[in-house]
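[1] Pasting a predicted model and its sequence here:
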Amino acid sequence: QVQLVESGGGLVQPGGSLRLSCVASGFTFTNYAIKWYRQGPGKEREWVARITDTGGWTNYAESVKGRFSISRDNAKNTVYLQMNSLKPGGTAVYYCNAHWALTGRDYWGQGTQVTVSS
């Protein structure tokens, strides 16, 4: 059974940090690039960060560049999103997405809520 399970969300004050995790199971994790997306209240889902299957290349949305960092541990089938200097605009449900370009297979997690508020 394919699963992507996000965790690590919660309530944080502006300027604070959180680290999200996304644990994969049921598929060959090392074939897949992983992306983080977020969807704020009343907003469309937006892409946040991406990491390649080997972890050798990352890129970020302009809105989070320099504050967020994506990484992966292929031995643990896990991707992380380190979020620093969080802003109230970062309040959203954060989702991880696994995509295998060769086949077009695409999987989503259920999301984890992040609330940035004082």
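    Thanks, I have it.
[2] Stretch 26-42 - what's its average pLDDT?
    Averaging pLDDT along stretch 26-42 gives 97.
[3] which residue is nearest the middle of the chain?
    The structure's the chain has its C-alpha centroid closest to Trp36; by Cα atoms, centre = their mean the separation is 3.0 Å.
[4] wouldn't it be in contact with Ile70 here?
    Yes - with contact defined as Cβ atoms under 8 Å, Trp36 counts as touching Ile70 (6.4 Å). Any C-beta I mention is one placed from the backbone N, CA and C, and that applies to glycine too.
[5] Next, show the common contact partners of the two.
    Residues within reach of Trp36 and of Ile70 at once, by Cβ atoms under 8 Å, 6 or more residues apart in numbering, are 49-50, 79, 81.
[6] Among those, which ones are in strands?
    49-50, 79, 81 (DSSP state E).
[7] Out of those, which is nearest to Asn31?
    Checking these against Asn31 with Cβ to Cβ, the nearest one is Val79 at 13.6 Å.
[8] Would you confirm that that closest one contacts Tyr32?
    No - using Cβ under 8 Å, Val79 makes no contact with Tyr32, being 9.5 Å away.
[9] Are there residues contacting both of the two? Which ones?
    Shared contacts of Val79 and Tyr32, defined by Cβ under 8 Å, 6+ apart, comprise Ala24.
[10] So which of these two has more stuff around it?
    Higher neighbour count among Val79 and Tyr32: Val79, with 29 against 26, using other Cβ atoms under 10 Å.
[11] Please name the nearest non-neighbouring residue to Gln3.
    Closest residue to Gln3 apart from its sequence neighbours, by Cβ to Cβ, 6 or more residues apart in numbering: Ser25 at 4.8 Å.
[12] So what's the residue count around the one you found?
    11.
[13] Contact partners for it?
    By Cβ under 8 Å, 6+ apart, the contact list for Ser25 reads 1-3, 5, 77.
[14] circling back to that earlier point, would JSON lines of the ones in strands among the shared contacts of Trp36 and Ile70 with pLDDT and distance to Val114 be doable?
    Below are these laid out as JSON lines (pLDDT from 0 to 100; distance: Cβ to Cβ, whole Å):
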{"residue": "Ala49", "pLDDT": "98", "distance to Val114": "14"}
{"residue": "Arg50", "pLDDT": "98", "distance to Val114": "18"}
{"residue": "Val79", "pLDDT": "98", "distance to Val114": "16"}
{"residue": "Leu81", "pLDDT": "98", "distance to Val114": "10"}
